[in-house]
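**Q** show me the folded form of this:
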Amino acid sequence: MKTLDDKVVVITGAGSGIGRALALDLARRGSRLALSDVSEAGLAETVALVEAAGVREVRSDPLDVADRAAFEAYATEVAAHFGRVNVVINNAGVALAGNLLDLSWEDMDWITGINFTGVLHGTKFFLPHLIASGDGHVVNLSSLFGLLSIPGQSMYNAAKYAVRGMTESLREEMLIAGHPVGVTSVHPGGIKTAIARSARVSDKEDQAATAKLFDEKLAKMTPERAAEIIVKGILTNKARVLVGLDAHLLHHFARLTGSRYQDVVAKVYGRIAPKGAVV
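**A** This next block holds a predicted model:
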């Protein structure tokens, strides 16, 4: 895919953060956009912004990506509306902090339903349309935490590792079958979004302290810059896109040290995370 001009691009989680920044970037590139989010208010704000940016065409729909029947119907409706789908960016995601021993089953089901099953829904339901387009691309948002694990993030790690594994396998399948579909796994580090402020935590964690830690010490890159890097990855058909200096450094650290990185992380963790907070 050499251009995104006049391409039909689906973005989940478009009501804020990286999803909104991607929508604005692609609107300026001439893409036709199908935007969704569970937050109708946030989605409406994004639509107003892309319209002001001169988007060719935009469709917006409230969508819970964890709802299989709703997502299947959504994919059918979007394909019928535009006549084709070229790119799907499975961006919607949430956060859950706390030690595994302290997490509730309800919260664990919640995060895996959105962060993995939601990505799986978007990939599987849109894949036939991407193949039929003759020029398709799947972009799945994993995370730096899909490359290495951090204490207090077991279920977030689990979902993001699953996204990475599924996405890399899918890319191999597309290559073997000769289908005209690129596949990219995206691994952002700390991005200045509201994900930590809207996260759930276990009963033993301090949500405000966790959000403050992320916002003040870990979130270094703007969503707009992250969007630029992701779009470049689409246009260069990269299999894996690392977003942020932290993502590059920690990924290489884990590769160099092997499983020993876990011991290092465990030793320094207490110095990084204030009392009541998790990374």
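**Q** give the other helices and strands that the helix or strand hosting Ala44 contacts.
**A** Ala44 is part of helix 40-52, with elements assigned from DSSP states H and E. For helix 40-52, the packing partners by 3 or more C-beta pairs under 8 Å, 6 or more residues apart in numbering; DSSP states H and E come out as helix 17-28, strand 32-37, strand 57-62. Placement of C-beta: from N, CA and C, glycine included.
**Q** identify the residues contacting it?
**A** Applying C-beta atoms under 8 Å, 6 or more residues apart in numbering, the contact partners of helix 40-52 are 14-16, 19-20, 23-24, 27, 33, 35-37, 58, 60, 62.
**Q** and Ser185, which of the helices and strands packed on helix 40-52 is closest to it?
**A** helix 17-28 (14.5 Å; C-beta to C-beta).
**Q** the inter-axis angle of that closest one versus strand 57-62?
**A** 160 degrees (axes from the mean of the first three to the mean of the last three C-alpha atoms, to 10 degrees).
**Q** could I get the average pLDDT for helix 17-28?
**A** In this model, helix 17-28 has an average pLDDT of 98.
**Q** now stretch 3-11
**A** Averaged across stretch 3-11, the pLDDT comes to 98.
**Q** what residues sit buried inside it?
**A** By 16 or more other C-beta atoms under 10 Å, the buried positions in stretch 3-11 come out as 4, 7-11.
**Q** quick revisit: which of the helices and strands packed on helix 40-52 has the highest mean neighbour count?
**A** Neighbour counts (mean count of other C-beta atoms under 10 Å) averaged over each of those peak at strand 32-37, with a mean of 26.
**Q** so which residues of the stretch 151-279 of the chain form helices?
**A** 154-177, 207-213, 223-235, 245-257, 261-272 (DSSP state H, counting those that start in this stretch).
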